[in-house]
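Visitor: Pasting the sequence and the predicted model now:
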Amino acid sequence: MSIKRKLAMSIATAVLGLILISGGTVAYFNDTESATNTFTTGLLELGINKDIILKIDDLVPGDTMHGDFVLTNEGTVDMKEIILHSSYEVVDKGESNHDDDLGDHISVEYLYNVYDRETVVFKKLLSELKDNPQQIMDEFPAGSPEGKFAVRFKFIDNGKDQNHFQTDELTLNWNFEAVQRDGDHDLQ
């Protein structure tokens, strides 16, 4: 055998020996664990017990109408507040109203009932509520008792001729908006 061949064989044997020695002496422990995280969003669900709070026919100046309804938090998320959005449309079926808004002649007294004691939330003309959201309730936690409300509408008799409102129809739309609680910066 030539020297080059002997030298190459010696190097190969040395490398093989080092690999076997180091592979046999290197040992370590290994362990793994896993965890599963679940994120479920909450449900914001405001309930109301009626689709129509009041339907009145043959209304005349001086009349007062009463209605009541119940709001519930049917979701899993606390509500920070409930906001009332009001809009209405007057259908002038008789004599021209000459830009006299029937909503300027109807007052609204909005009441919240807690433990059979009524608290006035607001008292305004219907025209003042139009496109002017009002907070009617704050802090409505999930699972809390229902919120009982009453409302009184009065067709104000201003002592003047209101004949131009005869046979007119006012359709009032109330939308109740539930606002979620503020986000928790340290939710656990």
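Guide: In hand now; what should we look at?

Visitor: low-scoring stretches of the chain, by residue?
Guide: Within the chain, the segments meeting pLDDT under 70 span 1, 20, 22-27, 114-116.

Visitor: redo that, cut-off 80
Guide: 1, 4, 7-8, 12, 14-28, 113-118, 187-188 (pLDDT under 80).

Visitor: Do you have the strands of it handy? List them.
Guide: Using DSSP state E, the strands found in the chain span residues 46-48, 64-73, 79-91, 106-114, 117-125, 134-140, 147-155, 169-180.

Visitor: I'd like to know which of those lies nearest to Leu16.
Guide: strand 169-180 (69.4 Å; Cβ to Cβ). For the C-beta atoms, the positions are set from N, CA and C on the backbone; glycine is no exception.

Visitor: Just the residues contacting stretch 173-181, thanks.
Guide: 42, 44-46, 48, 53, 71, 73, 77-88, 133, 136, 140 (Cβ atoms under 8 Å, 6 or more residues apart in numbering).

Visitor: out of those residues, which are buried?
Guide: Among those, those buried by neighbour count (16 or more other Cβ atoms under 10 Å) are 44, 46, 53, 71, 73, 77-80, 82-84, 86, 88, 136, 140.

Visitor: Could you pick out the longest helix of the protein?
Guide: helix 3-25 (DSSP state H).

Visitor: buried residues in that helix?
Guide: Buried-residue list, helix 3-25, by 16+ other Cβ under 10 Å: empty.

Visitor: Out of the buried ones among the contacts of stretch 173-181, the closest to Asp184 would be?
Guide: Asp78 (10.2 Å).
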